[in-house]
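> Fold the following for me, if possible:
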Amino acid sequence: MKALKLFWIFFRVGVLGELAYPANFFLQLFESLLDLGTALGGLAVVFAYTQTLGGWKPDEVLALVGVFFLVGGVIRLIIQPSLERLIEAVGEGTLDFTLTKPADAQFLVSIQSVEIWRCTDIVLGAIVLGAALSRLGTRVGPGRAAVFAAALLAGLVIVYSFWLILATLSFWLVRVQNILVIFQSMYEAGRWPVGLYPRWLRFALRFLVPVAFATTVPAQALAGRLSASALGAEAVLAVFLFGAARLFWRLGLRRYAGASA
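Numbers count the residues shown, from 1 in each chain. The predicted structure is shown next:
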């Protein structure tokens, strides 16, 4: 309950800050619609010449696009802005203000910034996902929906843990932002099923930059392509990576020398 209350406080502060600039909503909406239109236009062009894409049907790839926007919206809503502020705080030596608060520092730095207008990506992703589900019809039952929810949650945990590890590198490195740009570029590959890419890139999208677990795997769950063993492996990876990120965070704190040090 305390964690939820803290999250709600940071969320309200973020919303109030963004409401001071309402024009940003229309800019973000235009950007999101343009990005979505480009993605859907690409699908229309591809499936004008083929019935399947690497074994994926049009409705299944449409669901993947919905998941891509949904997860990307969550990342840009809170994970990315919060951990970018962490990098700035470490560089400026102002992380002290967080470390002295009577709450878990990792939790605080993970929710400290909310860009509320990024909810447009989440809403658009949900709409596209709903359209895909309506076209998939009765093939998606409660069981498949539960597997999808579990895969999506595990994917978000994996992405968050990966972002935290990258942000924690700021305790040792100066230009961590350049590494974050690489992740953002690699995430764009999640618009398409990972199985379409060359073997070396598939490996990179699964284990070096775990984009596949955030987009393709949940979409596989909706399409009925995800086995129980694959879901279990993703859950194990999520738990392992979260624990590794937590340990790496604690190790990084030992290296921190702030303004009051």
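
> Can you show me the helices along the stretch 51-200 of the chain?
58-74, 80-92, 96-99, 105-111, 119-136, 142-168, 176-187, 199-203 (DSSP state H, counting those that start in this stretch).

> Tell me which residues touch residue 167, please.
83, 84, 86, 87, 176, 180 (C-beta atoms under 8 Å, 6 or more residues apart in numbering). C-beta here means a position set from N, CA and C on the backbone, and glycine is covered the same way.

> What is the neighbour count of the first one?
If you count neighbours by other C-beta atoms under 10 Å, residue 83 ends up with 25.

> Grab the most central residue of this structure for me.
residue 75 (3.8 Å; C-alpha atoms, centre = their mean).

> Could you count how many residues lie near the residue nearest to that residue when sequence neighbours are not counted?
In this structure, residue 75 finds its nearest non-sequential neighbour in residue 159, 6.3 Å apart by C-beta to C-beta, 6 or more residues apart in numbering. Using other C-beta under 10 Å, residue 159 is surrounded by 25 other residues.

> The one 4 residues further on too?
The number of residues packed near residue 163 is 21, by other C-beta under 10 Å.

> Now that it has come up, it's in contact with residue 79, right?
Yes: between residue 163 and residue 79 there is a contact at 5.4 Å, judged by C-beta atoms under 8 Å.

> Would you mind confirming that residue 212 is in contact with residue 206?
Yes: under the criterion of C-beta under 8 Å, residue 212 makes contact with residue 206 at 4.7 Å.

> Quickly list what's touching both of these two.
Residues touching both residue 212 and residue 206 by C-beta under 8 Å, 6+ apart: residue 194.

> more neighbours, these two?
Counted by other C-beta under 10 Å, residue 212 and residue 206 do not tie: residue 212 has more neighbours, with 24 against 16.

> and the more buried one, that's in a strand?
No: assessed with DSSP: H, G, I helix; E, B strand; the rest coil, residue 212 is coil; it does not lie in a strand.

> so how far is residue 76 from it?
Shown here: residue 212 relative to residue 76, a distance of 19 Å by C-beta to C-beta, to the nearest Å.

> Same check on residue 32?
In terms of C-beta to C-beta, residue 32 sits 10 Å off from residue 76.

> Neighbour count for these two, which is higher?
Higher neighbour count among residue 32 and residue 76: residue 32, with 22 against 19, using other C-beta under 10 Å.

> quick one: contacts for that one?
Contacts for residue 32 were tallied using C-beta under 8 Å, 6+ apart; they are 69, 120, 121, 124.

> Thought residue 72 was touching the third one, still the case?
Yes: here residue 121 reaches residue 72: they are 5.7 Å apart, a contact under C-beta under 8 Å.

> Residue 84 touches residue 176, doesn't it?
No: Residue 84 lies out of contact with residue 176 (C-beta under 8 Å); the separation is 9.3 Å.

> Those two: which is more packed in?
residue 176 (21 against 17).

> Count the neighbours of residue 149 for me.
Neighbour number of residue 149 under other C-beta under 10 Å is 12.

> Look up how far residue 121 lies from it.
19 Å.

> what's the answer for residue 193, then?
Taking C-beta to C-beta, one finds residue 193 at 20 Å from residue 121.

> neighbour count winner among these two?
residue 121 (25 against 22).

> Distance-wise, check that one relative to residue 255.
Applying C-beta to C-beta, the value for residue 121 to residue 255 is 34 Å.

> mind showing which ranges of the stretch 51-200 of the chain have poor pLDDT?
The model of the stretch 51-200 of the chain has pLDDT under 70 over residues 137-140.

> now do 80
136-142, 174-183 (pLDDT under 80).

> Pretty sure residue 220 sits against residue 226.
Yes: Residue 220 lies in contact with residue 226 (C-beta under 8 Å); the separation is 4.2 Å.
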